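S.K.: Any chance you could fold what I've pasted below:
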Amino acid sequence: MVSAQDDAIRITQPMVREGWLTDGPGPANGRRGRGRFVPVSHDHALDLVGAEIERVRTTFGNAAIYASSYGWSSAGRFHHAQSQIHRFMRMAGGYTDSVNSYSVGAMEVILPHVIGGSGMSIWRRCPTYEEIASDGELVVSFGGMARRNTQIEQGGVADHSVPGLQEQCRRAGVRFVNVSPVSSDSADDLDADWLPIRPGTDVALMLGLAYEIVVSGRHDRDFLVRCCVGFEEFAAYLLGRSDGIPKDAAWACGITEIPADPHPFAGRSGRHLAHGDQRQLVDPAHGPRRPPETVAPGSVQPRPAG
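M.R.: The predicted model follows:
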């Protein structure tokens, strides 16, 4: 980190695409993205940005300016990227904003229709590590639980508590399963079982697990009748009654490329499935977002043992 301050790749002054700098705004004539960036002074950069904002809002109106930076990079709230650009553009007369986020994708739009509550309330309703250590026996993580993901937070991280909390779960006998293309998506000291899934096929595994739960009669029928809508339609698809394709373990194996097993968590009662950890990874190399609307039906199916 210290050496990065003086590294050759560090950008130390404003950079402008050469074609835009020489020709100004307008069609790039096939050169878009091809020209090199050239350094300019901060004063020159400020003049360019100011003139362009004025040109666009005068010609097209403030609604033509999209100013919804999504980043929340710097520590502390004052340097919050979104807050700063929003404040700046409001002083300039307004702008076109965005809604929701790419971190959780469609989740915050869909989940209120699936499990109720606000779009982001799922974070407040998930079990805590303390609760998992006390009452759970199995954590299944789709997309990984890499500790590096817990080292950043809006406004900064005051206490790096996750390693200790995960260790608390391990001491309590909780078993971890890492469903991810990458084995390092769980810490070595968790001794997690690794299911090396093909990227983008998480839902197939979720359906395979749901199939095994339903055919073994371990889903909570009373809860599904009292509190849920649409389970019969879901079960018809799951069991293959609607399309002739049972979504069993063999079907899921062919899609996920996980080694064949009648049930990756065989012998586990419903009580063991303490938490289906569904991560939203930013790294595109991990494939598409993990659809939480599939986790939700699975999470209501296991029935406590005894």
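S.K.: Only C-alpha atoms from now on, for both contacts and neighbour counts.
M.R.: Fine.
S.K.: mind checking the longest helix of the protein?
M.R.: For the chain, the longest helix by residue count, based on DSSP state H, is helix 42-60.
S.K.: now that one: mean pLDDT?
M.R.: Mean pLDDT, helix 42-60: 95.
S.K.: Other residues contacting it?
M.R.: Residues outside helix 42-60 that contact it (CA atoms under 8 Å, 6 or more residues apart in numbering) are 13-14, 62-65.
S.K.: try it again with 10 Å
M.R.: 13-16, 21, 24-25, 39, 41, 61-65, 89, 92-95 (CA atoms under 10 Å, 6 or more residues apart in numbering).
S.K.: how distant is that helix from the center of its chain?
M.R.: Relative to the centre of its chain, helix 42-60 is centred 35 Å away, using CA atoms, centre = their mean, to the nearest Å.
S.K.: and if you look at stretch 51-66?
M.R.: Distance, centroid of stretch 51-66 to centroid of chain: 33 Å (CA atoms, centre = their mean).
S.K.: Would you mind listing the buried residues in it?
M.R.: 53, 57, 62, 65 (16 or more other CA atoms under 10 Å).
S.K.: Restricted to helices, list the contacts of helix 42-60.
M.R.: Those of these lying in helices (DSSP H): 21, 89.
S.K.: Now which of the contacts of helix 42-60 would you call buried?
M.R.: 15-16, 62, 65, 89, 94-95.
S.K.: Can you tell me how far Pro199 is from Gly143?
M.R.: Per CA to CA, to the nearest Å, Pro199 is found 9 Å from Gly143.
S.K.: ugh, typo on my part, it should be Trp194
M.R.: For Trp194 relative to Gly143 (CA to CA), the value is 11 Å.
S.K.: more crowded one of the two?
M.R.: Gly143 (26 against 20; other CA atoms under 10 Å).
S.K.: okay, among the buried residues of stretch 51-66, which ones form the most distant pair?
M.R.: Using CA to CA, those span at most 8.6 Å, a distance reached by Ile53 and Asn62.
S.K.: Next one, pLDDT for Tyr102 please.
M.R.: So, for Tyr102, pLDDT stands at 73.
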